[in-house]
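A.B. asks: what follows is a protein structure lacking sequence information:
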């Protein structure tokens, strides 16, 4: 009887949950770099500073972003309540991630709580880069996150052209 009461009192975690706290125990058998290496190698290439760039869908992207971008575009299944923070690199993304996580998770993790995830984790560990999730084959982990899921990207928006 006590076990039944405990089971009825246990509540499934509600989101957002720090990405690093979700682990389904699986290791990807291959990475997108292996799967799409030939495609990436066939794209136009240029060097800028210390980066190797590839021209993908009209944008020069760091070469290491391209495989994850391809997999993200092909396999991502959004949920109606997903929150995706889109920002330029080096414009306050870490700060934005911390604010978004703290705001969205304020019920589950009160700000004064000693166990608040932002006291032990970097904001990048709480709100992951969605393209990195797919680049490293961790999309199963993303599926295990309860809603609402918080994610981030620096990828450009390649939507339909605007006609003025």
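C.D. replies: Done, it's in. As the structure is a computational prediction, the values presented were derived from the model and not from experiment.
A.B. asks: leaving aside the residues next to it on the chain, what's closest to residue 109?
C.D. replies: residue 116 (4.7 Å; C-beta to C-beta, 6 or more residues apart in numbering). Using the backbone N, CA and C atoms, a C-beta is placed for each residue, glycine as well.
A.B. asks: and for that neighbour, the neighbour number?
C.D. replies: For residue 116, the neighbour count with other C-beta atoms under 10 Å is 17.
A.B. asks: which residues touch residue 48?
C.D. replies: The neighbours of residue 48, taking C-beta atoms under 8 Å, 6 or more residues apart in numbering as the test, are residue 60.
A.B. asks: select the longest strand from the chain.
C.D. replies: Of all the segments assigned as strand in the chain under DSSP state E, the longest by residue count is strand 51-56.
A.B. asks: next one: the residue nearest to residue 109 from residue 83, what distance?
C.D. replies: When distance is defined by C-beta to C-beta, to the nearest Å, residue 116 is 19 Å away from residue 83.
A.B. asks: just residue 130 next, same as before
C.D. replies: As it turns out, when the distance is counted by C-beta to C-beta, residue 130 lies 11 Å from residue 83.
A.B. asks: what sits in contact with each of the two?
C.D. replies: What both residue 130 and residue 83 touch, as defined by C-beta under 8 Å, 6+ apart, is the set residue 151.
A.B. asks: more neighbours: the two, which one.
C.D. replies: Here residue 130 and residue 83 are compared on neighbour count by other C-beta under 10 Å; more neighbours surround residue 130, at 24 against 17.
A.B. asks: next, give phi and psi for residue 123.
C.D. replies: Backbone torsions for residue 123, taken as degrees, to the nearest 10, come to phi -50, psi -30.
A.B. asks: now it: how far from residue 93?
C.D. replies: 8 Å.
A.B. asks: same thing with residue 72?
C.D. replies: 17 Å.
A.B. asks: avg pLDDT for the helix or strand harbouring residue 74?
C.D. replies: In this assignment (DSSP states H and E), residue 74 forms part of helix 66-75. Mean pLDDT, taken over the full extent of helix 66-75, equals 90.
A.B. asks: pop the domain breakdown of this structure in here.
C.D. replies: Domain assignment for the chain by automatic domain parsing gives 27-75, 79-154.
A.B. asks: fine by me, we can end here.
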